[in-house]
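>>> turn this into a structure:
(2 chains)
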Amino acid sequence: MQIKTMSRIDIIQGKVWKFGDNVDTDLIIPARYINVSEPSELARTCFIDIMPEFSSKVSPGDVIVAGRNFGCGSSREHAPLAIRESGIRVIIAESFARIFYRNAFNIGLPLLESAEAAKVITAGERLRVDIAAGRIESLDSGKVFAARPIPDFMQALIEDGGLIPHIRKRKKMGS
Amino acid sequence: MSMTITEKILALHSGRESAAPGDLVEAKVDLALAHDVTGPIAIKMFRETGVSRVFDRGKVVLVADHFVPNKDIASAEQVRILREFAREQDLVHHFEGGEAGICHVLLPEKGLVVPGQVVIGADSHTCTYGALGAFSTGVGSTDLAAVMATGEIWLRVPPSIQVNCTGKRGPWVCGKDIILNIIGTLGVDGARYAALEFTGDAVRELPMYQRFSMANMAIEAGAKNGIIEADETTLDWLAGRSKLKPLILRSDPDARYERRLTFYVNELEPQVAFPPSPDNVRPLSEVGTIDLDQVFIGSCTNGQIEDLRDAASVLKGKKAARDLRLIVIPGSPRIYRQALEEGIIGIFLDAGAVIGPPCCGPCLGGHMGILAAGEKALSTTNRNFIGRMGHPMSEVYLANPFVAAASAVLGRIGGPGELQ
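From the prediction side, this is the model:
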């Protein structure tokens, strides 16, 4: 599995795919499609039950904006993997379920929390997101939102490209 | 410093004198679990760490339970990845075929989990083992890979919510109903990131199998873990099952809680969670007429032998309604055998049930009982999300085994009281 690295200065520009509250991992990728683990195969069935057009229309650099408790339910890492492999570079939500939160950062997919952005931003809007600064700007409305700062530990994971490279690095450093 | 049981376990496992909510700790892991869905990715990521051997071949458990008996070629490949890794690493605990059951039923049954442990599983319902007084939580595959490589995990110490349950349960009311009621009150993110600590006389009085149901569904309120202090009931249950030494810990009387809630069990009816969310809960008397196409009894929530006994007590001498599919899946091979020897399987067969081999099967819409568009199922499982058991236009209602059995006979959602 290729880890997509992300540097501290990463700035993302893309259009918005909008979702509501409590999007569970069964909705992100139903169990009938998780008898495989290859990310490219998983991406093909991402959101298939609630947004069947997603996998064919999503573009690299696009952004997901969602409501409360995004990624609740099953611990399947197939969910953030399918999203990352679809080309989504950041997910902005009012809040995230905890296992999904860990999983996403562990595979190098950053998450930002902003209740206001989650409420105001609409589907199809073009965003410019500065992940490290937590700055979300709508290129259509001109509105700017400040996300909650990413905790230092998660920031370190993103800088290293995920948990596994982070562990490799620490191993090398002998800590 | 005063601590909750969750804080004490995490402090002890990270070499600290104390732990408080928000602290980031690196905890030593007593048991690490993965199954045929999460295991293959965990194994792939483990290889990427550059570590060649798992931290302890006796503490990494692999269970093929989701898409088994292998439902198709893709599933067979995933199960093979587990088997080959287990052989390569010479793992002590690898369960497949006639030795495998639902992981969260199997691990306690095999005596692998005891009070005071830290258990990390690549499955969200790993929180089940909190019923034994362990700290137990679900993670994804990459987290598990790191645990397999290092024997440790980073965790943020969760704030604890004390859930005091008091009163005497009425007939047909189970731990399942208490937890559904709690989830209905808290909402699916009401305990997000928190430890749900179940306490009070109504919890002390619960037999182990119903405590497992409660801890199992802590995740359905978004919790990091659910936990019940070990007591006589716990130790009696462990006797003859486990040779491991339990570490009995209790929350200090002046421990800090984010919230303290009290639930009164006296008046509680059996609960039914309506689709598409486990917090969409109504008492049985307010369900109305919901005709059913399928009833499923089993899963990590209600697949214990006592759950099957409860269902059989209602089904004895009765038949499932015409055109209703009744599916029963014992949680483990041992439970299957027990049910057979006790005549429970016979009762189910006489009622027209299909008996499946121990596996997760229909609970996650994997196989062995998938729903068509528009079909409705009542299930003793833990999730009723859109498309959870099949077609996105199908519906899943959650309830306890008594209600499931009665509903199978009635052909609609109803309680055992209607059959008397």
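
>>> got the contact list for the closest residue to A:His78 other than its chain neighbours?
Spatially, and ignoring its direct neighbours in sequence, A:His78 is nearest to A:Ile34 (4.7 Å; C-beta to C-beta, 6 or more residues apart in numbering or on different chains). For glycine as for every other residue, the C-beta is placed from the backbone atoms N, C-alpha and C. Going by C-beta atoms under 8 Å, 6 or more residues apart in numbering or on different chains, A:Ile34 touches A:Leu42, A:Arg76, A:His78, B:Val37.

>>> for chain B, see how far away the second one is.
A:Arg76 sits at a distance of 6 Å from chain B (criterion: C-beta to the nearest C-beta, to the nearest Å).

>>> just the pLDDT at the nearest residue to that residue once chain neighbours are set aside, thanks.
Excluding its sequence neighbours, the residue lying closest to A:Arg76 (C-beta to C-beta, 6+ apart) is A:Thr25, at 5.2 Å. Looking at A:Thr25, its pLDDT reads 97.

>>> thought A:Thr25 was touching A:Phe100?
Yes. Contact criterion C-beta atoms under 8 Å: A:Thr25 and A:Phe100 qualify, at 6.7 Å.

>>> more neighbours: those two, which one.
A:Phe100 (31 against 28; other C-beta atoms under 10 Å in any protein chain shown).

>>> that one is in contact with A:His78, isn't it?
No. The criterion here is C-beta under 8 Å, and A:Phe100 misses it with A:His78 at 11.3 Å.

>>> show me where the chain has helices.
No chain in the question, so chain A it is. Taking DSSP state H, the helices of chain A run over residues A:25-28, A:39-44, A:54-57, A:78-86, A:98-106, A:115-120, A:152-160, A:163-173.

>>> could you do chain B instead?
Counting by DSSP H, the helices of chain B are B:5-13, B:39-49, B:73-88, B:103-109, B:141-150, B:175-186, B:201-204, B:208-216, B:232-238, B:299-302, B:305-315, B:333-341, B:344-350, B:401-410.

>>> to A:Ala117, which of those helices lies closest?
helix B:175-186 (25.8 Å; C-beta to C-beta).

>>> when you compare where the closest one runs with where helix B:208-216 runs, what's the angle?
20 degrees (axes from the mean of the first three to the mean of the last three C-alpha atoms, to 10 degrees).

>>> at the contact with chain A, which residues of the stretch 1-150 of chain B appear?
Selection of the stretch 1-150 of chain B residues close to chain A by C-beta under 8 Å from any C-beta of the partner chain yields B:24, B:37-38, B:40-41, B:44-45, B:48-51, B:66-67, B:71-72, B:74-75, B:77-78, B:122-124, B:126, B:138-143, B:145-146, B:149-150.

>>> show me which of those are buried.
B:37-38, B:40-41, B:44-45, B:48-49, B:51, B:66-67, B:71, B:74-75, B:78, B:122-124, B:126, B:138-143, B:145-146, B:149-150 (16 or more other C-beta atoms under 10 Å in any protein chain shown).

>>> okay, the helices of chain B in CSV with mean pLDDT next?
CSV is the format used below for the helices of chain B (pLDDT from 0 to 100):
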stretch, mean pLDDT
helix B:5-13, 98
helix B:39-49, 97
helix B:73-88, 98
helix B:103-109, 98
helix B:141-150, 98
helix B:175-186, 98
helix B:201-204, 98
helix B:208-216, 98
helix B:232-238, 98
helix B:299-302, 98
helix B:305-315, 98
helix B:333-341, 98
helix B:344-350, 98
helix B:401-410, 98
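
>>> so which of these comes closest to B:Ser251?
Using C-beta to C-beta, the nearest of the helices of chain B to B:Ser251 is helix B:5-13, at 4.7 Å.

>>> now do the closest one: which elements does it pack against?
strand B:24-28, strand B:118-121, strand B:135-138, strand B:195-199, strand B:225-227 (3 or more C-beta pairs under 8 Å, 6 or more residues apart in numbering or on different chains; DSSP states H and E).

>>> what do you get if the cut-off is 10 Å, keeping everything else the same?
strand B:24-28, strand B:118-121, strand B:135-138, strand B:152-156, strand B:160-166, strand B:195-199, strand B:225-227 (3 or more C-beta pairs under 10 Å, 6 or more residues apart in numbering or on different chains; DSSP states H and E).

>>> for residue 107, what are its contacts?
All of this is about chain A. By C-beta atoms under 10 Å, 6 or more residues apart in numbering or on different chains, A:Ile107 lies in contact with A:1, A:3-4, A:39, A:77, A:80-81, A:83-85, A:157, A:161-164, B:41, B:45, B:140-142.

>>> my question was about chain B
B:Leu107 neighbours (C-beta under 10 Å, 6+ apart): B:31, B:33, B:61, B:63, B:93, B:95, B:101, B:113, B:119, B:121, B:126, B:128-129, B:132, B:136, B:332.

>>> can you do 6 Å?
B:Val113 (C-beta atoms under 6 Å, 6 or more residues apart in numbering or on different chains).

>>> so how far is chain A from it?
Distance from B:Leu107 to chain A, by C-beta to the nearest C-beta: 16 Å.

>>> quick check: bridge partners of the spatially closest residue to B:Ser14 that is not a sequence neighbour?
Nearest residue to B:Ser14, sequence neighbours excluded (C-beta to C-beta, 6+ apart): B:Val25, at 4.0 Å. For B:Val25, the beta-bridge partners under DSSP bridges are B:Leu155.

>>> likewise for B:Ala34?
B:Leu62.

>>> pretty sure it contacts B:Thr142?
No. The criterion here is C-beta atoms under 6 Å, and B:Ala34 misses it with B:Thr142 at 11.3 Å.

>>> partner strands of the longest strand seen in chain A and their direction?
Determined from DSSP state E, the single longest strand within chain A is strand A:11-18. Applying DSSP bridges, strand A:11-18 is found paired with strand A:63-66 (parallel), strand A:126-130 (antiparallel).

>>> mind listing what's buried along that strand?
For strand A:11-18, by 16+ other C-beta under 10 Å, it's A:Ile12, A:Gly14, A:Lys15, A:Val16, A:Trp17, A:Lys18.

>>> what sits up against it?
Counting by C-beta under 6 Å, 6+ apart, A:61-65, A:89-90, A:121, A:123-130 sit against strand A:11-18.

>>> tell me the contacts of the residue in the stretch 1-150 of chain B positioned nearest to chain A?
Nearest residue of the stretch 1-150 of chain B to chain A, counting by C-beta to the nearest C-beta: B:Gly140, 3.6 Å away. B:Gly140 makes contact with A:Ser75, A:Glu77, A:Asn103, according to C-beta under 6 Å, 6+ apart.

>>> now that we have those, which one has the most neighbours?
Going by other C-beta under 10 Å, A:Glu77 tops the contacts of B:Gly140 with 33 neighbours.

>>> do you know how far it is from B:Thr126?
14 Å (C-beta to C-beta, to the nearest Å).

>>> check B:Arg322 too.
B:Arg322 is 40 Å from B:Thr126, by C-beta to C-beta.

>>> go on, B:Val68?
For B:Val68 relative to B:Thr126 (C-beta to C-beta), the value is 19 Å.

>>> repeat that for A:Met154.
For A:Met154, the distance to B:Thr126 - C-beta to C-beta - is 22 Å.

>>> what residues does chain A put near chain B?
A:1, A:22, A:24, A:26, A:30-32, A:34-37, A:49, A:68-69, A:72, A:74-75, A:77, A:98-99, A:102-103, A:106-107, A:163-164, A:167-168 (C-beta under 6 Å from any C-beta of the partner chain).

>>> about what we covered before: of the helices of chain A, which approaches B:Ala11 most closely?
helix A:152-160 (18.8 Å).

>>> next, the angle helix A:98-106 makes with that closest one.
Using the same axes, to 10 degrees: helix A:152-160 against helix A:98-106 is 40 degrees.

>>> quick one, helix A:152-160 and helix A:163-173 angle?
90 degrees.
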